[in-house]
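Peer 1: this is a predicted model, with the sequence first.
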Amino acid sequence: MKNKKNDEVLNEMNLVGTKKLISANKYSIPHLQKMGLSDELLGYEESRISHAKNSVTDVVNYQEKDSYILPSDKKKILGAKLYDDFNLLLKKIIDINNKFVGKEVIAASVVLNGNEELLSIRHDLLELSKEYCNKRISKTNNRDKDQLDTYHRIYNEILPWFDQNVAEIKNTVNALFLDLLLEYIPHYLYEHTFQEYVEIRGRSFFLKHAISSQKKEYMQRQMYLYNFFQSPLKDLLEFTGQLPADIESLGKDELLENAFDLAQDVKWMGSYMISSYKHSDNLISIVPDKFDITWTWNCDNSIGFISFWFENEELRKQLLLNRVLQIHLNHDGIFEDSIRRWVSLQNIYDTNESLLALQINLFILNKIHSYLETIYRKIDHNKILSRYLESANTDDLSVEDEEKIIVAAIETANTEKKKISKIKQSRLFVLLESLGCEVRSGKGSEITIYKYGGKHYTMGHHKRDEYVHPPTIINILKTLNICPRDFILSITGC
């Protein structure tokens, strides 16, 4: 009984998540001490950790506040302001990582997917990377004999440190924040240095400049490592064919608004369909008999991605070989280049062609939405919900099943059957308040949800009354120790 009580206390504090142990590392026990656990509980937790040694490697570990600070010698390269700005963002990454201590890394990644704070930090890191690259490329170095030397010198200044000392740290969510920085710096340097040595022909590249065999080998490795010679987003624009008149008549704001709404539906449907949907069995026709794509949900800072190939009849074969071209769909409903994630159909052109790109964006997203909705509409949500409510034991459901039940409950309560039913923040707050929670304004645009007993959950609350998706709802319920069944009953009014 004593051990069971200890388990309840630890789970209540959200330190070990749902039946997951904190892996054995030097930061776990100090973190537990800081959180105020008694000596008895600490001894019990130390015992649990010793038994779990080398067996639990997939949960988020606590990171000390000074875990990631750029080496002091980088200040000379970056300048004091850039150096401090980078370090400030690294501290924010640590703070977010530590909110998920004890949770599975993959579960934390799902919850963070689309998180406003994460997206903001990614964007800020990208902007700092741009400033850094502009600064360094504008300064000449007499030691550089050619453009490849310039690329190599700047490439090795800070990029390896961010990669090896932050992004690659296991049992953290760090990599989610660093993807743009790690890709942008090489691409910027390539475009401003040895790009002039390369000629792109179709899907291949050729050297136009005579260089030593050693440098040639290095350059080729970089070309293939970062796919400098590929642009899937531009390839996509060549396949779409004639656009419908109703899309061609829309202005920029309408195109963006419609794309956002469709994307939220696609994301919502994924909460239910992701486990059973096989992309290779579901070719989505964009241009009949000429251009097909497939759709895959994921949590790689996107809702998912489409796959396609140059020769349409080869698509299934290339899917099996995992050699397809991919384009990500971001959380605003805009397709992004999978190689250059900062380039999207919203900013790929600076001219009047930008409107055409957004029209193509909506056209393809419409096709994906229609195809997925046809499958989604066949789900009997009433039957699923009834089976759950009639079941005597619903405590041992997987997170995935809990998400499906929440989707079923919201769909069952939906009075507008023509629309995919989702839940907005304002509606979620009302439901949580009915379960004894208090919703308060926090720092800036944050909202903090309190539950009796000291538990709380903080989330972003921006101007738009945003949709809240099942993974986040589950995380809120578990953090606040609210029974999913009670939440579901509050939705259905049973």
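Peer 2: Arrived safely, thanks for sending. Numbers count the residues shown, from 1 in each chain.
Peer 1: show the pLDDT at residue 484.
Peer 2: Residue 484 carries a pLDDT value of 85.
Peer 1: not counting its neighbours along the chain, what's nearest it?
Peer 2: residue 402 (5.2 Å; C-beta to C-beta, 6 or more residues apart in numbering). Backbone N, C-alpha and C define where each C-beta goes, glycine included.
Peer 1: residue 436 too?
Peer 2: Residue 436's closest residue in space is residue 452 (C-beta to C-beta, 6+ apart), at 6.0 Å.
Peer 1: counting neighbours, what do you get for the one you found?
Peer 2: For residue 452, the neighbour count with other C-beta atoms under 10 Å is 10.
Peer 1: I'd say it and residue 481 touch.
Peer 2: No - if you go by C-beta atoms under 8 Å, residue 452 and residue 481 don't touch, sitting 9.7 Å apart.
Peer 1: which residues touch the residue nearest the centre of the chain?
Peer 2: The centroid of the chain falls nearest to residue 301 when counting by C-alpha atoms, centre = their mean (2.1 Å). Going by C-beta atoms under 8 Å, 6 or more residues apart in numbering, residue 301 touches 113, 118-119, 122, 176, 179, 328, 330, 341.
Peer 1: gap between it and residue 287?
Peer 2: Distance, residue 301 to residue 287, using C-beta to C-beta, to the nearest Å: 29 Å.
Peer 1: can you check residue 86 too?
Peer 2: Per C-beta to C-beta, residue 86 is found 45 Å from residue 287.
Peer 1: same thing with residue 260?
Peer 2: 25 Å.
Peer 1: nearest residue to residue 385 other than its sequence neighbours?
Peer 2: Per C-beta to C-beta, 6+ apart, closest to residue 385 is residue 408, 4.4 Å.
Peer 1: no wait, residue 133
Peer 2: Nearest non-adjacent residue to residue 133, counting by C-beta to C-beta, 6+ apart: residue 188, 4.3 Å away.
Peer 1: and the one you found, that one's in a helix?
Peer 2: Yes - under DSSP: H, G, I helix; E, B strand; the rest coil, residue 188 sits within a helix.
Peer 1: these two touch, right, it and residue 126?
Peer 2: No - with contact defined as C-beta under 8 Å, residue 188 does not count as touching residue 126 (10.4 Å).
Peer 1: residue 205 sits in which helix or strand?
Peer 2: Per DSSP states H and E: residue 205 is located in strand 204-207.
Peer 1: could you do residue 216 as well?
Peer 2: helix 213-226.
Peer 1: give me the helices and strands touching the next helix or strand after that helix, please.
Peer 2: Using DSSP H and E, the helix or strand that follows helix 213-226 towards the C-terminus is helix 232-237. Using 3 or more C-beta pairs under 8 Å, 6 or more residues apart in numbering; DSSP states H and E, the elements in contact with helix 232-237 are strand 325-329, strand 335-337, helix 353-376.
Peer 1: mind redoing it with 7 Å?
Peer 2: strand 325-329, strand 335-337 (3 or more C-beta pairs under 7 Å, 6 or more residues apart in numbering; DSSP states H and E).
Peer 1: just name the most buried of the ones you listed.
Peer 2: Stretch with highest mean neighbour count among the helices and strands packed on helix 232-237: strand 335-337 (a mean of 24; mean count of other C-beta atoms under 10 Å).
Peer 1: contacts for it, please.
Peer 2: 231-233, 327-330, 343-345, 361 (C-beta atoms under 7 Å, 6 or more residues apart in numbering).
Peer 1: stretch 191-202 too?
Peer 2: Contacts to stretch 191-202, defined as C-beta under 7 Å, 6+ apart, come from residues 137, 147-148, 150-151, 205-209, 219, 229.
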